[in-house]
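Novice: Let me see the structure of the following:
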Amino acid sequence: MSRRPSVLCLLPGLPLPANRGGALRALSMLRALDQSVELSVLAWGREGENSAALKRLLDGSVQLVRRPAAIDALVEEAAGLAAGLPAGYSRYRWHPGALRERLETQSFDVIHFDHPHSALSWELVRKLQPQAALVLDAHNVEALVVERLAQSRPLWQRHALFWQARRIRALEREIAREMDLVIACSEEDAQAFAAMGARRVCVVPNGVPPISPSRIAQRRDLIFVGSFDWRPNTDAARELAHKIWPRCRNLLPGARLVLVGRNPPAAVLSLAASDVIVTGSVPSVQPFLDRAFATAIPLRAGSGTRIKILEAWAAGVPVVACRIAAEGLPCRDGVDILLAEEPGEFARALVQLWRDRPLGERLIAEALRTVAPFTAERIAATVMRRYHEELGIGPML
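Specialist: Numbering: from 1, shown residues only. Here you go, the predicted structure:
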């Protein structure tokens, strides 16, 4: 293909500000594609949002589609539930107008769906552009996230969550089988999509920007970073504040627990205390990472790979995490990370890091080597190599 291939990327929302894992991955994927293809972006937008900031970052075109009014959204949700969709997914189904107009006026080599949410209209895409390859960037195995969350919730919530997980799994299976390529964050997720029947699956890991870490000797904060409109992060923050922090706070004189992330619900805001800080949305997590002697990540649900671990490593912050949080990353317990499961294990690891700062420095020295391949430049090259190898599209990089 001598000309630059044309790619239409459909997003469930604007990836700006890039202050959460999903937005960081979506933005890095857009910038990677923008370097090598003729990129067009169609994204759902909320009231008050505009696409100007994203347009400044990309050479390709960006179009924002306004979400329907509240009453229309309720009607769509009811129709979606009746049709078998998971709760909360119908609002991401593309109205024929905006998407049809784009597909009828421009021919694309690839339609790139960000999340299964944005792929609900794959049938319309196949009908109008049968020549285009369909690609799904699956940030997680969404059904697995909900299943794991259900296992840690009270009994009265489990039935609804398992019901939601079954519907998500059926949708993920349908979409995976219709895609020409599924991009996963980790080998574990890639295997899951292959088991669903996906014809081609490849791995493109998450990336982080380069950071110059400072030494941790004088740091005094324990930090948790996560967008709190994602339920597993809220669950982890409560686990930290209620079960882990009380076990170690008296052994960490002058330390604070700092919960950093946008949209904290009442359940997280209520955790605030003299030594527990809830920041809400922040322009950058870097200043908080610079003051952290460690980050603790007791996630009980998740899939893909945790950008919060990559960010901590790149910023020189020792990581204590459970196995689900570390899943999919090439980490080694006691070498570049400390693994813990129970609150007591987390507390002991944190006290050890507080008292033995050279241990933290050794962990970070190894972690910086582990995180070195996870750069935006390498991710960009990987994306286009996969496009070329799997679909025959674009130059070989």
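
Novice: what is the rounded mean pLDDT of the helix of greatest length in the chain?
Specialist: Counting by DSSP state H, the longest helix found in the chain is helix 155-178. The average pLDDT for helix 155-178 rounds to 93.

Novice: Please apply the same query to stretch 132-141.
Specialist: 93.

Novice: what about Cys81, how many neighbours?
Specialist: One correction, residue 81 is Leu, not Cys. 15 (other Cβ atoms under 10 Å). Every C-beta, even on glycine, is put in place using the N, C-alpha and C of the backbone.

Novice: sec struct for it, please.
Specialist: helix (DSSP: H, G, I helix; E, B strand; the rest coil).

Novice: quick one: it and Gly88 touch, right?
Specialist: No - Leu81 lies out of contact with Gly88 (Cβ atoms under 8 Å); the separation is 9.7 Å.

Novice: can you count the residues close to Leu363?
Specialist: Counted with other Cβ under 10 Å, Leu363 comes out at 24.

Novice: cool, and Leu269?
Specialist: Using other Cβ under 10 Å: Leu269 sits among 12 other residues.

Novice: How about Ala194?
Specialist: Residues within reach of Ala194, counting by other Cβ under 10 Å, total 15.

Novice: Once you drop chain neighbours, what's closest to it?
Specialist: Val201 (5.0 Å; Cβ to Cβ, 6 or more residues apart in numbering).

Novice: Roughly how far does the one you found sit from Tyr387?
Specialist: 14 Å (Cβ to Cβ, to the nearest Å).

Novice: These two: which is more packed in?
Specialist: Neighbour count, other Cβ under 10 Å: between Val201 and Tyr387, Tyr387 has more, with 29 against 23.

Novice: hang on, isn't the residue nearest to Ala194 packed against Ala195?
Specialist: No - using Cβ under 8 Å, Val201 is not in contact with Ala195, being 9.7 Å away.

Novice: correct me, but Trp44 touches His95?
Specialist: No - contact between Trp44 and His95 fails when scored by Cβ under 8 Å: they sit 10.2 Å apart.

Novice: quick one: common contacting residues for these two?
Specialist: Val65 (Cβ atoms under 8 Å, 6 or more residues apart in numbering).

Novice: between those two, which one's more packed in?
Specialist: Trp44 (21 against 12).

Novice: With just CA atoms, put the helix or strand the more buried one falls within into PDB.
Specialist: With elements taken from DSSP states H and E, the one containing Trp44 is strand 38-45. Output of strand 38-45 as PDB, limited to C-alpha atoms (Å, rounded to 0.1, in the frame of the first residue of the first chain):
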ATOM      1  CA  GLU A  38      -4.500   9.200   7.800                       C
ATOM      2  CA  LEU A  39      -6.400   9.300  11.100                       C
ATOM      3  CA  SER A  40     -10.000  10.400  11.700                       C
ATOM      4  CA  VAL A  41     -11.500  10.300  15.200                       C
ATOM      5  CA  LEU A  42     -15.100  10.100  16.100                       C
ATOM      6  CA  ALA A  43     -15.700  10.400  19.900                       C
ATOM      7  CA  TRP A  44     -18.700  10.700  22.200                       C
ATOM      8  CA  GLY A  45     -18.600  14.000  24.100                       C
END
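
Novice: So which bits of whatever helix or strand comes next after it are buried?
Specialist: Note on strand 38-45: by DSSP H and E, the next helix or strand toward the C-terminus is helix 52-57. By neighbour count with 16 or more other Cβ atoms under 10 Å, helix 52-57 contains the buried residues Leu54.
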